[in-house]
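A.B. asks: Need coordinates for the following:
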Amino acid sequence: MDIQVPDIGDFTDIPVVSVLVSVGDTVAAEDPLIELESDKATMEVPSPAAGVIKEIKVAEGDTVSMGTVIMVFEGAGAEEAAPAEAPAAAPPAAVAATGTASGAGDVHGEVVVLGSGPGGYTAAFRAADLGKKVVLIEKNPTLGGVCLNVGCIPSKALLHVAKVITEAEDMGAHGVSFAKPKIDLDELRSFKDSVVGQLTGGLTGLAKARKVTTVKGTGKFTGPNMIEVVEDGKVTTVSFDQCIIAAGSEPVHLPFLPHDDERVIDSTGALELKDIPKRMLVLGGGIIGLEMACVYDALGSKVTIVELMDQIIPGADKDIVKPLHSRIKGRYENILLKTKVTAMEAQKKGLKVTFEDAKGEVTTDTFDKVLVAVGRTPNGKKIDAEKAGVAVDERGFIAVDGQQRTGVNHIFAIGDLVGQPMLAHKAVHEGKVAAEVCAGHKRHFDAKLIPSVAYTDPEVAWCGVTETEAKAKGIKYEKGVFPWAASGKALSNGRSEGMTKLLFDPEDQRVIGGCIVGVNAGDLIAEVGLAIEMGADAVDLGHTIHAHPTLSETVNFAAEMFEGTITDLMPPKKKKR
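C.D. replies: Have a look, this model is predicted:
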């Protein structure tokens, strides 16, 4: 049988980081075969059954998507030789619970939520609104998880500062010059912290208003209906009728790097803003790395990006990424594609890094600081889920059904640890579904799409089917592309490098996907997402009157480019349908 890449979420062209087996190897069911790296996490593709590897069809550096054949496999028996995608359709598996704790805990909740990130607090608050007695467990001093405390929110605050700095610089080309900015790191850090504090403080108030009990500390399962929470040596037992796991993820740890050196940082360290290094290496050209590169470049660092693949943001179409690449290429010290880091040595004068490119050529360079941003890994293995009977795979992911239910009927899971994409807005919607199912509602997570946004300069956003995905899966499509060089608003902004691209089903002209690169692309992509969810077609978008001049017009114009009705450009010749 052929082994295919299973459903890995809204991602395509994921690079193969390593092949973990060889031809002739005997593998057991669920043994990892290859390791993949998306822009936000690493993941392994497991063997669907026990058997022998007969042929390997991929190598390190190749890209794969859902359905890509990676190996030829001879199963141990006919019953084990089921198609690779079959397990995904089956109900989530459970394991024998190894925990024995039972009875009433120090605190009891009808619904207990483990983790207070965007998905976790949403689940807790929604369950409380539906009349449930809710307990929310959080290991950090404040609510909000990674996103609010050391992720999405503080990074966007700093990206706003970076945008102001770079916009001031850009105005020099239009006759308005400003003095070089003076960076007060203490004040800048205080601004960032104030934004975080306002939001996390708001969550605390909302929890109290909803009478959600908050228990601080690190929680681990000790039985099918019990979690032990430890903080500073104090142990609190929390019993539950139902539980929603929202334990999130953490940055990938590369073992060959000197992580004990304070000059090697992850995204959390980057947001601390301890200093502004003269030369900074960003290891990973995905969304997280590029956003932090944007900040440090604006603050004055000379930035180098190193990426294993042949483009930055490997999950996006190449034509959409090109304007971003062109802009940062003129600002950054270097962008190294199809290159990997093979060694790093901590020296007094800096971090000596060894690179190897696609041709096998080896070079070295020294940097003042290295940001490691090669993805995130789920925390499924850190919560002793097996003691509650919840199955966790080798990668740390927990399988769930359409109601976010694990293999244990009264335990649910949401967010990063249930699979790609690892995005806060996905977790929020999953949290609502889980909470409503806990309250007896008939709900399923059935979103047609999950948008992705890189808050770089320019921003890159996409949703639905990408052109790369359509080609890989043989999905028929036609497209309408509108260059922002013909947008009055973009020209007025002095930022005409953008582009809006829409994909349509050639049979009924409905929107099936969209990509936007340019200023505020992350906001603009919402219209495309709504169009796909509502089944809108090109005429719907083209006949919707958009305010002029705005960047939102570019969605209208892209639809008109597809229809051949545009007047702001020469319409492309349409194929006869």
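A.B. asks: what bits of this structure have low per-residue confidence?
C.D. replies: The model of the chain has pLDDT under 70 over residues 7-11, 38-43, 76-90, 574-577.
A.B. asks: rerun at 50
C.D. replies: Applying pLDDT under 50 to the chain flags the ranges 77-89.
A.B. asks: residue closest to the middle of it?
C.D. replies: Among the residues of the chain, the one closest to the centroid is residue 422, at 3.8 Å (C-alpha atoms, centre = their mean).
A.B. asks: where's that residue relative to residue 520, distance?
C.D. replies: According to C-beta to C-beta, to the nearest Å, residue 422 stands 23 Å off from residue 520. Yep, even glycine has a C-beta here, placed from its N, CA and C like the rest.
A.B. asks: One more: residue 533?
C.D. replies: Residue 533 is 21 Å from residue 520, by C-beta to C-beta.
A.B. asks: Counting neighbours, go ahead and name the busier of those two.
C.D. replies: Neighbour totals were compared for residue 533 and residue 520, and residue 520 leads with 17 against 14 (other C-beta atoms under 10 Å).
A.B. asks: That one: what's its closest spatial neighbour, skipping adjacent residues?
C.D. replies: Leaving aside its sequence neighbours, residue 520 sits nearest to residue 551 (C-beta to C-beta, 6 or more residues apart in numbering; 6.0 Å).
A.B. asks: Looks to me like the one you found is in a strand.
C.D. replies: No - according to DSSP: H, G, I helix; E, B strand; the rest coil, the state of residue 551 is coil, so it is not within a strand.
A.B. asks: what separates the residue nearest to the centre of the chain from residue 414, distance-wise?
C.D. replies: Residue 422 is 12 Å from residue 414, by C-beta to C-beta.
A.B. asks: Same question for residue 404.
C.D. replies: To residue 414, residue 404 is 5 Å away according to C-beta to C-beta.
A.B. asks: what's the overlap in contacts for those two?
C.D. replies: Both residue 404 and residue 414 are in contact with 244, 430, 433-434, where contact means C-beta atoms under 8 Å, 6 or more residues apart in numbering.
A.B. asks: And the residue nearest to residue 32 when sequence neighbours are not counted, which helix or strand is it part of?
C.D. replies: Spatial nearest neighbour of residue 32, excluding adjacent residues (C-beta to C-beta, 6+ apart): residue 44 at 3.8 Å. For residue 44, the element it lies in under DSSP states H and E is strand 42-46.
A.B. asks: report the longest helix in this protein, please.
C.D. replies: helix 185-209 (DSSP state H).
A.B. asks: So which of the shared contacts of residue 404 and residue 414 sit within helices?
C.D. replies: Among these, the members found in helices (DSSP H) are 430, 433-434.
A.B. asks: For this protein, which segments count as helices?
C.D. replies: Using DSSP H, the helices of the chain run over 86-89, 118-129, 145-150, 152-170, 185-209, 267-271, 287-299, 318-329, 424-438, 467-473, 488-493, 521-533, 538-542, 553-563.
A.B. asks: so of the ones you listed, which one's packed in deepest?
C.D. replies: Mean neighbour count, computed with mean count of other C-beta atoms under 10 Å, is highest for helix 118-129 among those, reaching a mean of 27.
A.B. asks: Report all helices and strands that that one contacts.
C.D. replies: Where contact means 3 or more C-beta pairs under 8 Å, 6 or more residues apart in numbering; DSSP states H and E, helix 118-129 is packed against strand 107-114, strand 134-138, helix 145-150, helix 185-209, strand 234-245, helix 424-438.
A.B. asks: will you turn the ones you listed into TSV that also has distance to residue 562?
C.D. replies: What follows is the helices and strands packed on helix 118-129, written out as TSV (distance: least, C-beta to C-beta, whole Å):
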stretch	distance to residue 562
strand 107-114	44
strand 134-138	47
helix 145-150	36
helix 185-209	40
strand 234-245	42
helix 424-438	27
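A.B. asks: which residue packs closest to residue 532, ignoring adjacent ones?
C.D. replies: In space, and not counting its chain neighbours, residue 532 is closest to residue 464: 4.8 Å by C-beta to C-beta, 6+ apart.
A.B. asks: Count the residues that sit near that neighbour.
C.D. replies: Other residues within reach of residue 464, judged by other C-beta under 10 Å, total 24.
A.B. asks: Residue 251 versus that one, what's the distance?
C.D. replies: Per C-beta to C-beta, residue 464 is found 29 Å from residue 251.
A.B. asks: ditto for residue 55
C.D. replies: Between residue 55 and residue 251 the computed distance is 35 Å (C-beta to C-beta).
A.B. asks: Looking at these two, which has the bigger crowd around it?
C.D. replies: residue 251 (21 against 13).
A.B. asks: Would you mind measuring from the more buried one to residue 65?
C.D. replies: To residue 65, residue 251 is 25 Å away according to C-beta to C-beta.
A.B. asks: Counting by contacts, list what the longest helix of the chain packs against.
C.D. replies: Counting by 3+ C-beta pairs under 8 Å, 6+ apart, helix 185-209 packs on helix 118-129, helix 145-150, helix 152-170.
A.B. asks: out of these, which comes closest to residue 345?
C.D. replies: For residue 345, the closest of these is helix 145-150, at 27.9 Å, according to C-beta to C-beta.
A.B. asks: What is the nearest of the shared contacts of residue 404 and residue 414 to residue 295?
C.D. replies: Looking across the shared contacts of residue 404 and residue 414 and measuring by C-beta to C-beta, the closest to residue 295 is residue 430, at 29.2 Å.
A.B. asks: Compute the distance between that closest one and residue 461, please.
C.D. replies: From residue 430 over to residue 461 the distance is 21 Å, taken as C-beta to C-beta.
A.B. asks: For residue 240, name its beta-bridge partners.
C.D. replies: residue 109 (DSSP bridges).
A.B. asks: Then the one 4 residues further on?
C.D. replies: When bridges are assigned using DSSP bridges, the partners listed for residue 244 are residue 113, residue 412.
A.B. asks: Report the contact partners of it.
C.D. replies: Applying C-beta under 8 Å, 6+ apart to residue 244 gives the contacts 111-114, 120, 123-124, 127, 404, 411-414, 431, 434-435, 438.
A.B. asks: same question, residue 439
C.D. replies: Residue 439 makes contact with 127, 130-132, according to C-beta under 8 Å, 6+ apart.
A.B. asks: again, only using 10 Å
C.D. replies: Shown in contact with residue 439 (C-beta atoms under 10 Å, 6 or more residues apart in numbering): 110-111, 126-132, 242.
A.B. asks: again with residue 344
C.D. replies: Contacts for residue 344 were tallied using C-beta under 10 Å, 6+ apart; they are 254, 256-259, 261, 264, 281, 283, 351-354, 367, 370, 372.
A.B. asks: Ok, residue 280 next?
C.D. replies: By C-beta under 10 Å, 6+ apart, the contact set of residue 280 is 263, 265, 270, 292-293, 296-297, 299, 301-305, 332-333, 367-371.
A.B. asks: Likewise for residue 536?
C.D. replies: By C-beta under 10 Å, 6+ apart, residue 536 lies in contact with 509-511, 527-528, 530, 544, 559.
A.B. asks: if I look at it, how far off is residue 508?
C.D. replies: From residue 536 to residue 508 the distance is 11 Å (C-beta to C-beta).
A.B. asks: list the buried ones in stretch 130-140?
C.D. replies: Neighbour counts over stretch 130-140 (16 or more other C-beta atoms under 10 Å) mark 132-140 as buried.
A.B. asks: can you list those residues in CSV and add distance to residue 233?
C.D. replies: Putting the buried residues of stretch 130-140 into CSV (distance: C-beta to C-beta, whole Å) gives the following:
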residue, distance to residue 233
132, 31
133, 28
134, 26
135, 21
136, 22
137, 17
138, 18
139, 14
140, 17
